[in-house]
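> Build me a model:
(2 chains)
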Amino acid sequence: MQVSDQELIDALKSGNRKDLAFNELVMKYQERLYWHIRKIVINHDDTDDVLQNTFMKVWKNVDNFREESTLFTWLYRIATNESLTFLNQKKRHSLAPMNEVSDFLQQNLEADEYFDGDDIQKKLQQAILKLPDKQRLVFNMRYFDEMPYQEISEILETSVGALKASYHHAARKIEDYLSSLE
Amino acid sequence: MNKMNNQDHISPRLASLKKENPYRVPSGYFDDFPARMKHRIEMEEAGESRKKSRFIDLVKPILGLAAAFAAIFMIVYWPVNTLNNRQTVKIETQPSVQSIAVEMISLFEHIDEQTFYALLEKEAESYVPENDLLVAYLAANYSDYDVFLETQHHN
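Alright, predicted model coming up:
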């Protein structure tokens, strides 16, 4: 039987059996957070680093979690921030001139040994990677994860209207890119 | 999914694509991850406690030096300082003797030489004034009334 989020939070905050509760939390959310991060940073090894950083942040800051949002939302928010921070650091420390984060991500996609998609899936991924960060996040969460706008709104702290507009722009750009390839 | 697509008015091309996840993970990745995460936490916490102990290790010699200086101060400086203070007290008494001498000299300066030697010779003797001095003293103590009686008597 899976432990509820509230039970996990209580156990993590009480300090008593924190290790066990944290292990439960990792097992419960590792896959969902991994795929969320993977769609942002693309490369598996980078995703592994960011996922570990995300859980380290959770371990260190769980006492400060005020429960104004759900545990799931809080975890996604940390994972998103860690992913974007990682990409910005990569951009800053890149030896080769990198005008856009998407250049780095395109390279990652080309070199990714854990990409099993067919040609059209690769083109779709290339189109997604050309999007600005925010539009890419919204598109992935909405299109692949089929997350409700309200939930995305809580994670990204953006209004539902703005998210809908972002998604609309992203879908149109992807459509245009795929059309240009034909 | 169709419901979501209808709500989002997604383009027909995107709607026709398979929504399969094109990425995969190394085999056993999610089985190993919780153990690796636990190890990472243990390593970081050990690192933090090492940092704390490293700080104490850095501070220890400084504290030792401070204690040594305090001990040296107590053993050497304090007794030396106390002795110096005593000497200062002694030195402070000397000016008071000197000031007395100065006062004496200033007193003797107002006495003429003869009186001074007379004082030295007749130190223990009682002082007997001469006749002239006595007459002068008595004359100085005459009142106007005495002088009037004297003149009346002579007349």
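
> What segments of chain B are helices?
With DSSP state H as the definition, chain B shows helices at residue ranges B:2-8, B:12-16, B:29-72, B:78-109, B:113-121, B:131-140, B:144-154.

> I'd like the average pLDDT over the fourth one.
Per-residue pLDDT over helix B:78-109 has a mean of 66.

> residue contacts, the residue in chain A that chain B sits nearest to?
With CB to the nearest CB, the shortest gap between chain A and chain B falls at A:Gly117, namely 2.6 Å. C-beta: built from backbone N, CA, C; applies to glycine. With contacts taken as CB atoms under 8 Å, 6 or more residues apart in numbering or on different chains, A:Gly117 has the following neighbours: A:125, B:20, B:22-23.

> Narrow those residues to just the buried residues.
In the contacts of A:Gly117, burial by neighbour count holds for A:125, B:22-23, counting by 16 or more other CB atoms under 10 Å in any protein chain shown.

> Give the single residue among those positioned nearest to A:Ala165.
The shortest approach to A:Ala165 among the buried ones among the contacts of A:Gly117 belongs to A:Gln125, at 22.9 Å (CB to CB).

> That closest one is in what secondary structure piece?
A:Gln125 is located in helix A:119-129, with elements delineated by DSSP states H and E.

> helices and strands around that helix, which ones?
Helix A:119-129 is packed against helix A:101-111, helix A:133-139, helix A:160-181, with contacts defined by 3 or more CB pairs under 8 Å, 6 or more residues apart in numbering or on different chains; DSSP states H and E.

> and the angle from the helix or strand just after the second one to helix A:160-181?
Helices and strands here follow DSSP H and E; after helix A:133-139, the next one along the chain is helix A:149-156. Using axes from the mean of the first three to the mean of the last three CA atoms, to 10 degrees, the interaxial angle of helix A:149-156 with respect to helix A:160-181 works out to 100 degrees.

> okay, residue 38: pLDDT?
Went with chain A since none was named. We note a pLDDT of 96 for A:Arg38 in this prediction.

> Actually, chain B is the one I wanted.
The score at B:Lys38 is 94. That number is its pLDDT.

> Show the backbone phi and psi for A:Thr80.
Geometry field for A:Thr80 lists phi and psi as phi -60, psi -50, criterion degrees, to the nearest 10.

> ok, it - contacts?
Taking CB under 8 Å, 6+ apart as the definition, contacts of A:Thr80 comprise A:36, A:40, A:137, A:155-156.

> one more time with 10 Å, if that's ok
By CB atoms under 10 Å, 6 or more residues apart in numbering or on different chains, A:Thr80 lies in contact with A:33, A:36-37, A:40, A:54, A:133, A:137, A:141, A:155-157.

> Look up the closest residue to the residue in chain B that chain A sits nearest to, ignoring the ones flanking it.
Of all residues in chain B, B:Pro22 sits closest to chain A, with a separation of 2.6 Å (CB to the nearest CB). If you skip the residues right next to it in sequence, B:Pro22 has A:Gly117 as its closest partner in space, 2.6 Å away by CB to CB, 6 or more residues apart in numbering or on different chains.

> so the residue of chain B closest to chain A makes contact with A:Trp35?
No: counting by CB atoms under 10 Å, B:Pro22 stays clear of A:Trp35, with 11.4 Å between them.

> do you know which of the helices and strands packed on helix A:119-129 lies nearest B:Ala35?
Taking CB to CB as the measure, the helices and strands packed on helix A:119-129 were each checked against B:Ala35, and helix A:101-111 came out nearest at 26.6 Å.
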